[in-house]
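# I would like to see how this sequence folds:
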Amino acid sequence: MTDQQGTGLSAEPGSEPGKEPDIRVGAQVVAALAMGGVLVAGLLVLQHRQDAAGKPAAAATCQAATADDSPRYPALCAALNRPDLPVLVGAPMDRVTVAGPGPTHWTSSDGTKEVVHGAEVQIGQISLRLTDDDDLDVTDAEIMGTAAHHRAQVLGHLSTTYEMNTFGFSFSLGGGPASSEPGGVAHNLVIGKHPDGHGGSYELAIWRQDAGTPDEASLYRIAEAVLPSLPGWDTGTMAPSAPPATPSPAAETVQ
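Numbering: from 1, shown residues only. Presented below is the predicted three-dimensional model:
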């Protein structure tokens, strides 16, 4: 059996002069370390069960919440783990193999632990994360990432994009130490809970476990399907306005 590889978000977000993204860096570090182990472990168990049964397993349901999980996790996972999610991400022949809370806590630069309100799924080689943040506004997210940010409207709400580098790791099923290496790029879409982009945000991130490029356009399709079912979403303006994969000239670009 070949080695299995998982990926996680890098801890190298960009920043603008005069802004300090240390807290968000801490969040990405913990996300990277926690996510890879959860997804790889789940995939290995699933593969074992499939081999034993000799037939494909059913799509995974959301893992039961534990005392360590965010109280918002069940609602986030239920909204994200939709029956049509493989179609929305552009992989209609695949299925959800892992659905769980992902990282449950992160530690800030002063040592304070904060709860992560999130859910993650794995569909074939595609990983997807949904997080709920009461403190991160759309404009706050524009100090993060490694590429230009593109503002646009999603269901009448302000949103922005950014990218993060990923890292991969592999290990031998026969034993031996794990090894890590640079991975690909994760695409992130941050959407304000309210139309003006303030009052907190929801964030969708997509990345791949292989060398392929994630489909950033799918983030907008998923957002339009998932966001209206989430608690805290302001439905005052629901005009369907998700942009195409390539931002139009009218979309604001923030360097």
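# the residue nearest to residue 202 when sequence neighbours are not counted bridge partners, please.
Of all residues not flanking residue 202 in the chain, residue 191 sits nearest, at 5.3 Å (Cβ to Cβ, 6 or more residues apart in numbering). Just so you know, the C-beta spots here come from the backbone N, C-alpha and C atoms, and that holds for glycine as well. As for beta bridges, residue 191 partners with residue 159, residue 202 under DSSP bridges.
# any low-confidence regions in the stretch 1-150 of the chain?
Scanning the stretch 1-150 of the chain for pLDDT under 70 picks out 1-57, 145-147.
# what segments of it are strands?
With DSSP state E, counting those that start in this stretch applied, the stretch 1-150 of the chain shows strands at 4-9, 96-100, 105-107, 113-115, 118-123, 126-133, 149-150, listed in chain order.
# which other helices and strands contact the last one?
Using 3 or more Cβ pairs under 8 Å, 6 or more residues apart in numbering; DSSP states H and E as the contact test, the elements touching strand 149-150 are strand 157-171, strand 253-254.
# which stretch in those is the model least sure about?
Comparing the helices and strands packed on strand 149-150 by mean pLDDT, the weakest confidence falls on strand 253-254, with a mean of 43.
# verify the stated contact: the residue nearest to residue 202 with residue 154.
Yes. Counting by Cβ atoms under 8 Å, residue 154 is a contact partner of residue 191 at 5.0 Å.
# any shared contact partners between these two?
Overlap between the contact sets of residue 191 and residue 154, as judged by Cβ atoms under 8 Å, 6 or more residues apart in numbering, is given by 223, 227.
# burial of the residue nearest to residue 202, as a residue count?
The local packing of residue 191 (other Cβ atoms under 10 Å) involves 25 other residues.
# how about residue 92, nearest residue that isn't a chain neighbour?
Closest to residue 92 by Cβ to Cβ, 6+ apart is residue 86, at 5.4 Å.
# for that neighbour, give me its contacts.
Applying Cβ under 8 Å, 6+ apart as the definition, the contact partners of residue 86 turn out to be 92, 93, 94, 95, 96, 123, 124.
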